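Participant: Predicted model and sequence follow; I will ask about them next.
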Amino acid sequence: MIYLEIFISFFQIGLFSFGGGYAALPLIEAQVLEYHNWLTIEEFADLLTISQMTPGPIAINAATFVGTKVAGLPGAVIATVGCVTPSIIIILTLSYFYFKYRNLSSIQNILKGLRPAVVSLIASAGLSILMLTVFKTEGITLSNIQLSDINFIGITIVAISVFILRKFKIDPIKVMLGTGVIGVLVYGLF
Amino acid sequence: MKKNIKFYWKLFLSTFTISAFTIGGGYVIVPLMRKKFVEELKWIDEEEMLNVVAISQSAPGPIAVNTSIMVGYRLAGIPGAFVTTVGTVLPPLIIITIIAKFYEAFKENRIISSLLLGMRAGVAAVIIDVIIKMARNVTKTKDKISIAIMVTALIAAVILDINAALIIILSGAFGGFFYNFVKKAGDIQ
């Protein structure tokens, strides 16, 4: 039964991918390329490209892509459901205990230590997205940096957007749509 | 806040649009959620949002999905969690299903790639804006320990490339130990 196989594979991917995002990659690769021959290595590389270009968690993107290839739209839906089922069970359990015991001072103390660290983790993720915009090619380090690698147009767009966001109360979605249109005008025309 | 159809629709629409624009995945969704639920709708306060993110990060599964589930549960119990989960997974489900069919054309299309390149700059700007606000909220407390944790975690994540889950566990353990035993609970507030 192909649907059950898809469900079980993506259930495992959801269950064992700690740290999110790229941590799920080796698990997806093992399930999709090694245990089942659902994708060729080229298709897997395509999947990675698509995931980077499109919105959404990489595990969900992979689930949909593989599900569609193997068993059409029902396959995509089942793979996605399989992928989020462990999250739903685990997070609902954690939520229950968190909202029940969050006022205990020992829990408060732990959370007080966590919060500044979370700010930094978000900053670190933001930094890697920023780097993709600042440089034209990937894998740039301080030692091999060249002026021609720097994407001045990208930096300008980011700087103006930050200014607009901080100066005016504007919906961030509108800012992103706006920079998308600017991207088409600037990069699409050259 | 009344839990009527309008509320659930707004909850669904919020997570759906956020997910549809979360290029880059993972933590990118968090600043957008903060902007929507903390700043705009004022349904959750800043501290709670950071707690939710910390717990979502320490559990397996995509952070974006985990955070959505917990935000939904916090606002409207199990039905809320169901609505936010569907809202979060639907955009990638729709987009990837379509792309999987027209992949070759999509890959070669210059308009689409430049649109996404431009949007990535917008995403970076939104994250910068949110990080400035969050970092300022930490420094505003004037709590030296919090500031030290933030700086240490930043170095650990960016320069030392230490696993995010490990950073969460260590800072939580440190907070629990330090505020319980070194500083008396009464001094914190």
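Facilitator: Looks like it arrived, so ask away.
Participant: which other residues reach stretch A:111-124?
Facilitator: Residues outside stretch A:111-124 that contact it (CB atoms under 8 Å, 6 or more residues apart in numbering or on different chains) are A:102, B:27, B:30-31, B:47, B:50-51, B:53-54, B:57, B:127, B:130-131, B:134-135, B:138, B:146-147, B:149-151, B:153-154, B:156-158, B:164, B:167-168, B:171-176, B:178-179, B:188. In this view, the C-beta of every residue, glycine as well, is placed from N, C-alpha and C.
Participant: Any of those buried? List them.
Facilitator: B:27, B:30-31, B:50-51, B:53-54, B:57, B:127, B:130-131, B:134-135, B:138, B:146, B:149-150, B:153-154, B:156-158, B:164, B:167-168, B:171-172, B:174-176, B:179 (16 or more other CB atoms under 10 Å in any protein chain shown).
Participant: where's the residue nearest to the spatial centre of chain B relative to A:Ile8, distance?
Facilitator: For chain B, B:Val30 is the residue whose C-alpha lies nearest the centre (CA atoms, centre = their mean; 1.7 Å). Using CB to CB, to the nearest Å, B:Val30 is found at 30 Å from A:Ile8.
Participant: Counting neighbours, what do you get for the closest residue in space to B:Glu47 that isn't next to it in sequence?
Facilitator: Closest residue in space to B:Glu47, ignoring its immediate chain neighbours: A:Arg115 at 6.7 Å, by CB to CB, 6 or more residues apart in numbering or on different chains. Taking other CB atoms under 10 Å in any protein chain shown as the criterion, the count of residues near A:Arg115 is 25.
Participant: Go through the chain and flag its longest helix.
Facilitator: No chain in the question, so chain A it is. helix A:58-101 (DSSP state H).
Participant: Please refer instead to chain B.
Facilitator: Max-length helix for chain B by DSSP H is helix B:63-101.
Participant: Just the pLDDT at B:Asn51, thanks.
Facilitator: pLDDT recorded at B:Asn51 is 88.
Participant: Isn't it up against A:Phe99?
Facilitator: No. B:Asn51 is beyond contact range of A:Phe99, at 10.1 Å (criterion: CB atoms under 8 Å).
Participant: Which pLDDT does the model give residue 32?
Facilitator: Assuming you mean chain A. Per-residue pLDDT puts A:Val32 at 87.
Participant: um, chain B though
Facilitator: pLDDT, B:Leu32: 83.
Participant: Tell me who's in contact with it.
Facilitator: A:Pro172, B:Ile18, B:Phe21, B:Thr22, B:Val126.
Participant: Where does pLDDT dip in chain B?
Facilitator: In the predicted model of chain B, residues B:1-2, B:23-27, B:107, B:183-189 satisfy pLDDT under 70.
Participant: ranges for the helices of it?
Facilitator: Taking DSSP H as the criterion, chain B carries its helices at B:5-20, B:29-33, B:46-58, B:63-101, B:103-108, B:110-140, B:144-154, B:164-177, B:185-188.
Participant: Tell me which of the ones you listed is the most buried.
Facilitator: helix B:29-33 (a mean of 26; mean count of other CB atoms under 10 Å in any protein chain shown).
Participant: Identify the residues contacting stretch B:100-114?
Facilitator: A:46, A:49-50, A:53, A:64-65, A:68-69, A:183-184, A:186-188, B:99.
Participant: now swap in stretch B:35-50 and tell me
Facilitator: Residues contacting stretch B:35-50 (CB under 8 Å, 6+ apart): A:111, A:114-115, A:118-119, A:172, B:1, B:10, B:14, B:18, B:33-34, B:52, B:71, B:74-75, B:126, B:130, B:134, B:137.
Participant: Apply 7 Å and report the result again.
Facilitator: Residues outside stretch B:35-50 that contact it (CB atoms under 7 Å, 6 or more residues apart in numbering or on different chains): A:Arg115, A:Val118, A:Pro172, B:Met1, B:Ser14, B:Ile18, B:Arg34, B:Val71, B:Arg74, B:Leu75, B:Val130, B:Asn137.
Participant: For that stretch, what is the distance to the chain centroid?
Facilitator: Taking CA atoms, centre = their mean, to the nearest Å, one finds stretch B:35-50 lying 11 Å from the centre of the chain it belongs to.
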